[in-house]
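In: Please find the sequence and the predicted model below.
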Amino acid sequence: MRKVFVRADGNEKIGMGHLMRTLTIMDQMDHSKAEITYLCATERGAELVIQKGYRAELLSSDYQKPEEEVKLLKPLLKKAAELSEPEPLILVDTYYVTDDYLQFLAGYGTVVLLDDMMQRAFPVDGVINYNAFAQEEWYSAHYPQKKRWIGSSYVPLREEFNDTPKANPFAGNEILITTGGGDLQGIGMQILEMLYSKEYVFHLVLGNFGKANDAFMKFAKDKPNIMIHKAVQNMAELMEKCILGITAGGSTVYEMSAMGLPMIVFSYAENQEKLADFIGSNAAGFHAGAFHLNPEQCLKEIKKGFERATLEPEVRMSWRDKAMRLVDGRGAKRLAEALLNDCNS
């Protein structure tokens with residue numbers, strides 16, 4: 001039985017994306033061969049992991065300062081290294097890692113890093129960047145003789161997006177707006193208020209930390225064509241009903257791609273910029289810009305994209321066709337099998 005550790009966090013500031021994508025990979029792993037434990041700095045993250053049926057070690061540390069965890073982790077990892085065959089696998093998914101921290105982890109197992117930013121090489125045994133914009137040439141140059149899983153064939157989508165019915169961009173009048181679990185600014189509500197029309201049914205998905213404010217609830221109160229969703233259990237089912245999605249540049253982009261849901265994409269954090277730009281540059285959707293850099297301009301571009309998409313069904317179909325080429329819904333299984341079977345020092 002191989003010991004598998006996942007170092008990831010989720011909270012109000014960073015959302016739950018890091019945890020959710022690793023959980024999707026772990027769900028596809030052969031549990032008869034792997035004993036999985038999450039290492040979480042925050043209580044909120046540990047709670048989610050436990051809810052999903054996995055063991056979690058709560059470190060109660062500052063998630064931005066991983067070096068603080070070294071004393072806590074050392075006895076746990078040392079014991080695991082003595083009991084695991086082959087040596088423990090440690091999957092790390094956080095933007096706050098340092099070389100010293102990763103080298104500490106490497107003393108107790110095989111370390112694989114989930115990397116979105118493609119900024120520099122880290123001292124690890126393997127690296128994952130499943131983004132469509134990731135460049136194999138860059139990774140082969142920076143991680144020679146290391147394990148690499150690069151490109152959108154490794155996007156870890158949940159099973160609901162594997163071989164599901166696809167959205168029909170010609171049928172109906174329903175619009176999906178989703179901005180992720182870290183939308184503390186209420187961007188989704190701003191978008192909906194700007195686009196609202198009686199012609200359409202609008203679905204607003206609030207993430208794990210999203211809360212509709214009083215002003216918005218007053219706005220939505222007497223409008224039966226506004227549906228507010230929280231803790232959505234089957235996003236694919238919701239996407240299937242819609243003709244257009246408006247989303248931040250996170251994992252939902254790949255979910256919409258798998259479903260064939262035409263999309264308007266924007267970013268509200270630096271780590272979302274490359275994917276949003278890739279979608280626009282490849283005409284796989286409409287790129288509305290960066291909300292975090294210029295909110296007013298971004299909202300104007302979203303409205304522009306919305307008007308174009310709703311008036312020109314053939315444009316929606318073109319976006320759909322290009323986006324569907326990015327993913328097939330089987331990336332999580334590919335990663336789970338590779339990590340467990342091929343990633344040994």
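Out: Great, that's in hand. Residues are numbered from 1 along each chain as shown.

In: From now on I want contacts and neighbour counts done on CA atoms only, so please keep to that.
Out: OK.

In: can you give me the helices for the protein?
Out: For the chain, the helices defined by DSSP state H cover 17-27, 43-51, 70-83, 99-106, 136-142, 187-195, 214-220, 235-240, 251-259, 273-281, 295-311, 313-323, 331-341.

In: Just name the most buried of those.
Out: Sort the helices of the chain by mean neighbour count, taking mean count of other Cα atoms under 10 Å, and helix 251-259 sits at the top with a mean of 25.

In: what angle do it and helix 313-323 make?
Out: Put simply, helix 251-259 runs at 100 degrees to helix 313-323, going by axes from the mean of the first three to the mean of the last three Cα atoms, to 10 degrees.

In: Output helix 251-259 as PDB, restricted to C-alpha atoms.
Out: What follows is helix 251-259 as a C-alpha-only set of coordinates in PDB (Å, rounded to 0.1, in the frame of the first residue of the first chain):
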ATOM      1  CA  SER A 251     -11.600  25.000 -14.100                       C
ATOM      2  CA  THR A 252     -15.200  25.900 -15.100                       C
ATOM      3  CA  VAL A 253     -13.700  26.900 -18.500                       C
ATOM      4  CA  TYR A 254     -12.800  23.300 -19.100                       C
ATOM      5  CA  GLU A 255     -16.100  22.100 -17.800                       C
ATOM      6  CA  MET A 256     -17.900  24.300 -20.300                       C
ATOM      7  CA  SER A 257     -15.600  23.100 -23.000                       C
ATOM      8  CA  ALA A 258     -16.400  19.400 -22.200                       C
ATOM      9  CA  MET A 259     -20.100  20.200 -22.300                       C
END
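
In: chain center to that helix, what's the gap?
Out: Remark: helix 251-259 is offset 10 Å from the chain centroid, using Cα atoms, centre = their mean, to the nearest Å.

In: how much does it deviate in direction from helix 273-281?
Out: Here the directions of helix 251-259 and helix 273-281 differ by 30 degrees (the same axes, to 10 degrees).

In: Mark out where each domain of this protein begins and ends.
Out: Domains of the chain are assigned by automatic domain parsing as 2-157+330-341, 160-323.

In: Kindly reformat those domains as CSV containing mean pLDDT.
Out: Shown next, in CSV, are the domains of the chain (pLDDT from 0 to 100):
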stretch, mean pLDDT
domain 2-157+330-341, 94
domain 160-323, 91
